[in-house]
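1. Sequence first, then the predicted structure, then my questions.
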Amino acid sequence: MLKVKVNDIDIEVEEGLTVLQACELAGAEIPRFCYHEKLSIAGNCRMCLVEIEKSRKPVASCAMPVTEGMNIKTNTKLVEKARKGVMEFLLANHPLDCPVCDQGGECDLQDQSMFYGIDKSRFKENKRFVPEKYMGPLIKTQMTRCIHCTRCVRFATEVAGVPEIGAIGRGEDMQITTYLEKAMESELSANVIDLCPVGALTSKPYVFEARPWELKKTETIDVMDAVGSNIRVDTYGWEVKRILPKINEDINEEWISDKTRFACDGLKYQRLDVPYVKKENNFYKISWTEALKILKNKINSTNPEKIAGLTGDLTNMETLFACKELFQKVLKSKDLESREKNTYINLNSRKNYLFNSEIKGIEKSDLILLIGTNPRYEATMLNARIRKSFLKNNTEIFSLGDLGDLTYPYKVLSNSTEEVKKIIENNSDISKRIKNAKYPLVIFGESALTLNSSKYMFEGFKKFLNENNKINEEWNSLNIIHSNASTVGSFDLDIVSKTNDTLEKIDNNFFELIFLIGRDNFSFTKKNEFIVYIGSHGDKGAEMADLILPGAAFTEQDGYFTNLEGKLQMAFKASYPPGEAKEDWVIINEIFKLVHNDILFKDKNELVSAMHNYLSFSRKNELSNLFKEEYISEKIFTLPIDYYHSNVIARSSKTMNECRNIRTKLKKTGTEG
């Protein structure tokens, strides 16, 4: 520890910290534009100047390391004069368009000019003008406002791993741009909007929509993937105007994916707001009373063995638990399934289906093996951690098969189960590398778990890692990446058909009555089945339904979600369902009451309490015994992911559709990546 003095306050700081960090530890606020704790130090805005004893000039605190005995002053007349001089330079070319700038009210330059700005300028020259740059459908540019802090350049290169933004020209003629003026090919690109301290980079879909003080802000959880990124939802009345990241160092740090940020406009399109019934291939509006009466008659006339239910990828745990109770206590059916395919999963222990190393644990890994997964598209924020681990630890990364650009280098192994067999039988160089690594990660994707030999691979790797002490109290190297927000919560609640053939029975048209509870990623050839859809959007599930009961989206109801590492998080209500739509658990409750002449739960608190009691009990599901633990020679293909159309909200989003069209054009012209 080093002893330093900040504004006559003695403090001790760790060696390697900068003067700026030491000042903040002492409670002194240091203005800055270019410095950001998650990016490399640039030291080019000079706003963070401080005075250090025995130094002839003010010092840029962000770039100066702390040394023993330093005496730092942050509030002297010299410091104030220096900062005002820097601010005068920054404002010399800055346009006077604060009233029409989308950054207004959230602008660092605006805030700091209140403290260090002056009412007159000594510069008489004409202000410079920089033309707008094209950065795709997500980022609006007004580069005349740019102060050359280079945060966006460093983010694209260091965090996103797509070095497409840089500077051209020198001095006053310097411009920040994408080199070929095309859309950024990163799923994290829009984080530069949050990083930009002025209004040079703003949100294109949000332009002129609202001012920050007009919006109601709700801290909640993202459901676009299974990572569970922490977000803030800003609403104006009923409508979700924008989504921003909320800092959580354990999960998403302070970044979010573009899909998380911009798919929110899908919440206002193709919404279901009244019940519908299908007659002669046409949908007709009906009342809730009529809809529930039709459903009651259908349930009463159907054998329980002919009833099945499928839950969706965005379904919260309260709704899942209410469905489980409905199927067990009223419908008497065992065919309630949450999986989209018959993936192998061992429910005997929670550790068999979690990302056990945790997302933050990726940063200390020294070897990573990817099996049937593309983390860039399946879990974008997790992929960013893998890149961070590579940069920090020079981590060795291997993949069974070529996955394309993952934003970090990796070595391609044979995409066959033969390769897995060699590793777990100690006949491969990878076996030795895993054994010699201190914190190895073996990451299975859902693609690998759909194979005939999925049980052999998963259980074989678990045995191999156990034998080599890579699964212990300190570290667990065995991990699974799930794609959907509801998957882990579904497994925790045992929403998996006990016979393991529900999906096969549906394909064979065995059932007469099928409930789709938020299930849209599903297709089969329908014959005489009566399908009930409970959901928020008129998408694939609603298209094949005979009866539609309008539900709520994730921003319109409180609900628990468990992320891929097993953390239970609450998504809070930011808006409310449109029209006559109801919260999903309320619909399940009303079905129970209608059929059973009794309520399932008297209120949401009783439901949550019953769910937590269920989760606290140790359960065992022998589903794993239905899979044969035998080696089968086959290829391990990572199933293609339609990233911008992965769920019902994203498919309804105009912004996501535009991104998808641009990605498709780039692929056709061969200019992607």
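-> Everything's here; your move. Nothing here was measured: the structure is a model prediction, and the numbers come from that model.
2. Quick check: nearest residue in space to residue 239, chain neighbours excluded?
-> With sequence-adjacent residues excluded and distances taken as C-beta to C-beta, 6 or more residues apart in numbering, residue 239 is closest to residue 268, at 5.9 Å. From N, CA and C alone the C-beta is placed, and that goes for glycine too.
3. ok, now residue 568?
-> Closest to residue 568 by C-beta to C-beta, 6+ apart is residue 562, at 5.1 Å.
4. Compute the distance between the residue nearest the centre of the chain and residue 43, please.
-> Central residue of the chain (C-alpha atoms, centre = their mean): residue 229, 4.7 Å from the mean position. For residue 229, the distance to residue 43 (C-beta to C-beta, to the nearest Å) stands at 31 Å.
5. And residue 604, by the same measure?
-> Look at residue 604 and residue 43: by C-beta to C-beta, they are 52 Å apart.
6. now swap in residue 602 and tell me
-> According to C-beta to C-beta, residue 602 and residue 43 sit 61 Å apart.
7. out of these two, which sits in the busier spot?
-> Comparing residue 602 with residue 43 by other C-beta atoms under 10 Å, the one with more neighbours is residue 43, at 15 against 9.
8. Hmm, residue 182 is touching residue 134, no?
-> Yes: between residue 182 and residue 134 there is a contact under C-beta atoms under 8 Å: 6.9 Å.
9. All the helices of the stretch 301-450 of the chain, in order from the start?
-> Here the stretch 301-450 of the chain has its helices, by DSSP state H, counting those that start in this stretch, at 317-326, 375-378, 380-393, 417-424, 429-436.
10. Same list, these, but as TSV with mean pLDDT, mean neighbour count and distance to residue 277 please.
-> Below are the helices of the stretch 301-450 of the chain laid out as TSV (pLDDT from 0 to 100; neighbours: other C-beta atoms under 10 Å; distance: least, C-beta to C-beta, whole Å):
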stretch	mean pLDDT	mean neighbour count	distance to residue 277
helix 317-326	95	25	21
helix 375-378	95	24	37
helix 380-393	95	21	40
helix 417-424	94	21	48
helix 429-436	94	16	57
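11. right, and those - which one's nearest residue 27?
-> Between residue 27 and the helices of the stretch 301-450 of the chain, the shortest gap by C-beta to C-beta is with helix 380-393, which sits at 29.4 Å.
12. hang on, the earlier thing: tell me which of the helices of the stretch 301-450 of the chain lies nearest to residue 163.
-> Closest to residue 163 of the helices of the stretch 301-450 of the chain, according to C-beta to C-beta: helix 380-393, at 12.3 Å.
13. The closest one packs against which elements?
-> helix 375-378 (3 or more C-beta pairs under 8 Å, 6 or more residues apart in numbering; DSSP states H and E).
14. How far off centre is the helix it packs on?
-> Computed by C-alpha atoms, centre = their mean, to the nearest Å, the chain-centroid distance of helix 375-378 equals 10 Å.
15. helices or strands next to it in the packing?
-> If you count contacts as 3+ C-beta pairs under 8 Å, 6+ apart, helix 375-378 packs onto helix 380-393.
16. what's next to the helix it packs on, contact-wise?
-> Applying C-beta atoms under 8 Å, 6 or more residues apart in numbering, the set of residues contacting helix 380-393 from outside is 158-161, 187-188, 225, 227, 229, 251-253, 255-257, 259, 355, 359-360, 362-366, 368, 375-376, 395, 397, 406-409, 481, 564.
17. Of the residues you listed, keep whichever come out buried.
-> For the contacts of helix 380-393, a burial check counting by 16 or more other C-beta atoms under 10 Å picks out 159-161, 187-188, 225, 227, 229, 251-253, 255-257, 259, 355, 359, 362, 365-366, 368, 375-376, 395, 397, 406-408, 481, 564.
18. correct me, but residue 329 touches residue 596?
-> Yes: counting by C-beta under 8 Å, residue 596 is a contact partner of residue 329 at 7.2 Å.
19. Identify the contacts common to the two.
-> Counting by C-beta under 8 Å, 6+ apart, residue 329 and residue 596 have no shared contacts at all.
20. Please give me every residue in contact with residue 654.
-> Residue 654 touches 265, 266, 269, counting by C-beta under 8 Å, 6+ apart.
21. is it possible to export those residues to JSON lines including secondary structure and distance to residue 74?
-> Shown next, in JSON lines, are the contacts of residue 654 (DSSP: H, G, I helix; E, B strand; the rest coil; distance: C-beta to C-beta, whole Å):
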{"residue": "265", "secondary structure": "helix", "distance to residue 74": "44"}
{"residue": "266", "secondary structure": "helix", "distance to residue 74": "47"}
{"residue": "269", "secondary structure": "coil", "distance to residue 74": "50"}
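22. any low-confidence regions in the stretch 201-350 of the chain?
-> For the stretch 201-350 of the chain, not a single residue meets the criterion pLDDT under 70.
23. Need the three-state assignment for residue 516.
-> strand (DSSP: H, G, I helix; E, B strand; the rest coil).
24. ditto for the one 3 residues further on
-> Counting by three-state DSSP, the backbone at residue 519 sits in coil.
25. Residue 481 is in contact with residue 375, correct?
-> Yes: assessed by C-beta under 8 Å, residue 375 is found in contact with residue 481 at 6.1 Å.
26. quick one: residue 155 is in a helix?
-> Yes: counting by three-state DSSP, residue 155 is located in a helix.
27. Hmm, residue 326 is touching residue 593, no?
-> No: using C-beta under 8 Å, residue 326 is not in contact with residue 593, being 10.6 Å away.
28. which residues are in contact with both of those two?
-> residue 600.
29. where exactly do the strands run in the stretch 1-150 of the chain?
-> 2-6, 9-13, 49-52, 59-60, 71-73, 139-141 (DSSP state E, counting those that start in this stretch).
30. Same list, those strands, but as TSV with mean neighbour count please.
-> Putting those into TSV (neighbours: other C-beta atoms under 10 Å) gives the following:
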stretch	mean neighbour count
strand 2-6	18
strand 9-13	14
strand 49-52	22
strand 59-60	22
strand 71-73	19
strand 139-141	22
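31. out of the ones you listed, which comes closest to residue 472?
-> Using C-beta to C-beta, the nearest of the strands of the stretch 1-150 of the chain to residue 472 is strand 9-13, at 34.6 Å.
32. Off-centre distance for the closest one?
-> Relative to its chain's centre, strand 9-13 lies at 39 Å (C-alpha atoms, centre = their mean).
33. Who are the packing partners of that strand?
-> Using 3+ C-beta pairs under 8 Å, 6+ apart: strand 9-13 touches strand 2-6, helix 19-25.
34. and if we set it to 6 Å?
-> If you count contacts as 3 or more C-beta pairs under 6 Å, 6 or more residues apart in numbering; DSSP states H and E, strand 9-13 packs onto no helix or strand.
35. So which residues make contact with that strand?
-> Residues outside strand 9-13 that contact it (C-beta atoms under 6 Å, 6 or more residues apart in numbering) are 1, 2, 3, 22, 26, 66.
36. didn't the second one look like it was pressed against residue 68?
-> I take that to be residue 2. Yes: shown here, residue 2 and residue 68 form a contact pair, counting by C-beta atoms under 6 Å, at 5.0 Å.
37. Now stretch 79-89: average pLDDT?
-> Averaging pLDDT along stretch 79-89 gives 92.
38. again, but for stretch 29-36
-> 93.
39. what's the span of that stretch, first residue to last?
-> Using C-alpha to C-alpha, to the nearest Å, one end of stretch 29-36 lies 14 Å from the other.
40. tell me which residues of that stretch are tucked away?
-> Buried positions in stretch 29-36, judged by neighbour count with 16+ other C-beta under 10 Å: 30, 31, 32, 33, 34, 35, 36.
41. tell me the contacts of the last one?
-> Residue 36 sits next to residue 151 when contact means C-beta under 6 Å, 6+ apart.
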